[in-house]
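Enquirer: What would the 3D arrangement of this be:
(one chain, ligands or ions: 2)
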Amino acid sequence: MSDLLKDALNLVQAYLHIKHPRPSTQYSIDNPANVSTILQVPDMDAHDAEHAIAQATQTLPQWRSLTARERSKALRRWHDLVLAHQEELALLLTTEQGKPLAEARGEIAYGASYIEWFAEEAVRAYGDVTPSNTGHTRLLTIKQPIGVVSIITPWNFPNAMLARKLAPALAVGCTCVVKPAEDTPLSALALAALAEQAGIPAGAINIVTTSRPAPIGEVLCTHAQVRKVSFTGSTPIGKHIAHLAASSVKRVSLELGGNAPFIVFDDADIPAAVQGALASKYRNAGQTCVCTNRFYIQEGIYDAFVAEYARQVALLKTGAGTEADTQIGPLINQAACAKVDALVKDAIRQGAKLTYQGAIPDDTQGHFYPVTLLTQVTEAMALTQEEIFGPVSALMTFKEEAEVIQRANATPYGLAAYFYARDIGRIWRVAEALDYGMIGINEGIISNAAIPFGGVKESGLGREGSRHGLDDYLETKFLCMGF
Ligand SMILES: NC(=O)c1ccc[n+]([C@@H]2O[C@H](COP(=O)([O-])OP(=O)(O)OC[C@H]3O[C@@H](n4cnc5c(N)ncnc54)[C@H](O)[C@@H]3O)[C@@H](O)[C@H]2O)c1
Ligand SMILES: O=C[C@H](O)CS(=O)(=O)O
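Expert: Ligands and ions are numbered 1, 2, ... in the order given. Sure thing, here's the model as predicted:
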């Protein structure tokens with residue numbers, strides 16, 4: 001084990017020793033590239049979740065009473081510490097999640113950018129003074145932190161998805177209970193450890209690790225002291241979370257699944273479209289909510305696009321994320337591999353052509369799935385109706401603009417969509433007609449802290465990041481001042 005990974009694990013173990021010196025039960029976190037055990041973490045239960053909520057409740061008055069500038073400075077110190085530890089945090093992330101180290105470094109910087117963004121936004125939770133309709137009153141609106149927030153995050157971006165929630169919540173004075181994904185809790189623990197080193201009080205962030213999410217989720221989504229639930233994950237689980245939270249009318253933010261179309265029109269810059277397609281499809285081995293899931297290529301340029309796309313797909317190297325030349329890491333677990341394989345076999349059974357399938361490491365038990373390119377795909381095939389969440393491209397053709405817009409919108413999801421074109425009239429028509437929260441126009445990578453990240457339909461509720469990002473963690477209070 002490298003000294004860098006030892007440093008990261010020491011950070012996590014020191015934090016765990018303070019928080020849970022004598023855990024009653026533990027479970028193992030495994031490396032998806034070789035299924036070796038990385039570390040054991042506490043396997044907590046509903047009682048631990050209630051204790052964590054009590055800690056957050058107890059810390060709330062102290063944290064919310066700081067000035068916005070004091071909280072801003074604490075977040076800035078946290079941001080600086082995260083970047084100072086970028087290398088070990090990235091290695092820890094790759095070790096527990098599998099993505100190539102270069103992508104993990106990028107995720108640490110991406111997560112830190114949300115902390116920086118909300119360190120700056122913290123002092124901009126503006127209220128209003130509204131001209132009164134009477135001479136003896138003054139009408140004021142103030143913003144206040146919503147209170148204790150439950151946060152539930154996925155395994156595919158174990159650092160950035162948590163930072164994207166913790167940063168705005170802490171910036172406005174909320175305290176948080178966090179349940180990271182059972183497969184990837186180490187990045188969350190490291191992030192929380194650095195937050196305390198930055199001076200964010202113990203009890204402002206309370207991490208609950210568990211191999212059994214349901215009972216803890218029940219507590220986090222129904223407890224009377226919890227005012228808000230912020231969830232990122234699959235749409236089915238998101239619906240369950242919203243149902244639980246509804247029982248006590250808690251506010252919810254839901255960042256859910258996608259089914260992104262990638263449309264290439266006949267007036268597109270084909271080489272640029274190929275590069276955008278590769279980036280959008282194969283990032284994190286296809287395991288992102290905004291990965292392209294369906295390709296639509298206009299008939300006139302289909303052969304030119306597929307020839308170049310297939311050539312470059314065949315160059316992608318699959319391996320452990322710690323290997324310098326790896327571009328495609330393992331999937332998160334064996335169940336993920338089985339799900340992807342079932343979707344590919346279903347498509348081939350229904351007539352899709354296996355145009356390319358690459359090799360995977362044969363000297364390890366890792367959860368690798370080969371880079372795959374399917375053509376002659378149709379919407380009768382399941383992989384066009386649900387997230388593939390693997391390194392599989394599914395290509396279809398289309399004739400006309402109106403046709404492809406109808407086909408692209410024919411899904412319950414509405415997170416991200418992409419299209420390549422150069423005619424300005426077409427760009428405006430298509431951008432306004434696609435029913436999605438975020439649209440890449442001649443771009444395959446669109447996420448950053450300054451934009452309102454989120455979807456429509458069954459891809460979620462609310463937005464994360466941007467100048468709107470504080471709203472989900474604030475209550476609006478009207479003061480009618482009589483005199
Ligand atoms: N929209 C976004 O910003 C975004 C970002 C990342 C991932 N995602 C989506 O997340 C999914 C992949 O992540 P995943 O596999 O971790 O999703 P998941 O829904 O299986 O799990 C997400 C989180 O919910 C927890 N969970 C599972 N069952 C629960 C229950 N009964 N009660 C409470 N919590 C429960 C899990 O432990 C995990 O922490 C994909 O659908 C992807 O599109 C969306
Ligand atoms: O998987 C979902 C993430 O939100 C993707 S991104 O890193 O924000 O683009």
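Enquirer: After the helix ranked longest in the chain, heading C-terminal, what element do we hit next?
Expert: Counting residues, the longest helix found in the chain (DSSP state H) is helix 101-121. Downstream of helix 101-121, the next assigned helix or strand under DSSP states H and E is strand 128-130.
Enquirer: Who are the packing partners of that following strand?
Expert: Under the contact criterion of 3 or more CB pairs under 8 Å, 6 or more residues apart in numbering; DSSP states H and E, strand 128-130 touches strand 137-145. For every residue, glycine as well, the C-beta is placed using N, CA and C.
Enquirer: Check Asp363 and give its pLDDT.
Expert: Asp363 carries a pLDDT value of 85.
Enquirer: next one: the one 5 residues further on
Expert: We have a pLDDT of 98 for Phe368.
Enquirer: what's the closest non-adjacent residue to it?
Expert: Ile360 (3.8 Å; CB to CB, 6 or more residues apart in numbering).
Enquirer: State the distance from the one you found to Arg71.
Expert: 47 Å (CB to CB, to the nearest Å).
Enquirer: likewise Lys239?
Expert: Note on Lys239: its distance to Arg71, by CB to CB, is 33 Å.
Enquirer: Look at those two and report which has more neighbours.
Expert: Arg71 (23 against 13; other CB atoms under 10 Å).
Enquirer: Can you give the strand pairings for the strand or helix carrying Val252, parallel or anti for each?
Expert: For Val252, the element it lies in under DSSP H and E is strand 251-255. In the sheet, strand 251-255 lines up against strand 226-232 (parallel), strand 460-461 (antiparallel) (DSSP bridges).
Enquirer: got the angle between the longest one and strand 137-145?
Expert: Counting by axes from the mean of the first three to the mean of the last three CA atoms, to 10 degrees, strand 226-232 lies at 60 degrees to strand 137-145.
Enquirer: Up against ligand 2, what does the protein have?
Expert: Taking CB under 6 Å from any ligand atom, the part of the chain that reaches ligand 2 is made up of 156-157, 160, 288-290, 447.
Enquirer: Tabulate the residues you listed (a markdown table), appending secondary structure and distance to Glu103.
Expert: Compiled in a markdown table, the residues of the chain next to ligand 2 are given as follows (DSSP: H, G, I helix; E, B strand; the rest coil; distance: CB to CB, whole Å):
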| residue | secondary structure | distance to Glu103 |
| --- | --- | --- |
| Asn156 | coil | 11 |
| Phe157 | coil | 10 |
| Ala160 | helix | 11 |
| Thr288 | coil | 10 |
| Cys289 | coil | 15 |
| Val290 | coil | 14 |
| Ser447 | coil | 13 |
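Enquirer: overlap between those and the residues near ligand 1?
Expert: Residues of those in contact with ligand 1 (CB under 6 Å from any ligand atom): 156-157, 289.
Enquirer: Could you find the closest non-adjacent residue to Ser113?
Expert: Per CB to CB, 6+ apart, closest to Ser113 is Ala449, 4.4 Å.
Enquirer: hang on, that neighbour in a helix?
Expert: No - according to DSSP: H, G, I helix; E, B strand; the rest coil, Ala449 belongs to no helix; its state is coil.
Enquirer: Could you pull up phi and psi at it?
Expert: Per-residue torsions, Ala449: phi -70, psi -20 (degrees, to the nearest 10).
Enquirer: In the chain, mark out all the helices, start to finish.
Expert: 3-19, 46-64, 68-84, 86-97, 101-121, 160-171, 186-197, 213-222, 235-246, 270-282, 302-313, 334-349, 401-409, 424-433.
Enquirer: possible to save those helices as CSV with mean pLDDT and distance to Asn442?
Expert: Formatted as CSV, the helices of the chain follow (pLDDT from 0 to 100; distance: least, CB to CB, whole Å):
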stretch, mean pLDDT, distance to Asn442
helix 3-19, 96, 38
helix 46-64, 98, 43
helix 68-84, 98, 31
helix 86-97, 98, 29
helix 101-121, 98, 21
helix 160-171, 98, 24
helix 186-197, 98, 32
helix 213-222, 98, 39
helix 235-246, 98, 28
helix 270-282, 98, 6
helix 302-313, 98, 14
helix 334-349, 98, 28
helix 401-409, 98, 16
helix 424-433, 98, 8
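Enquirer: Of those, which is nearest Gly258?
Expert: helix 235-246 (9.0 Å; CB to CB).
Enquirer: Walk me through the domains of this structure.
Expert: With domains defined by automatic domain parsing, the chain comprises 3-256+459-482, 260-448.
Enquirer: Would you pull up how far the shortest one lies from the middle of the chain?
Expert: It stands for domain 260-448. Domain 260-448 sits 18 Å away from the centroid of its parent chain (CA atoms, centre = their mean, to the nearest Å).
Enquirer: Next, the distance between the ends of it.
Expert: One end of domain 260-448 sits 18 Å from the other (CA to CA, to the nearest Å).
Enquirer: what about stretch 384-399, how long is it end to end?
Expert: Stretch 384-399 has an end-to-end distance of 18 Å (criterion: CA to CA).
Enquirer: Kindly report the same for stretch 296-309.
Expert: End-to-end distance of stretch 296-309 (CA to CA): 13 Å.
Enquirer: Alright, I will stop here.
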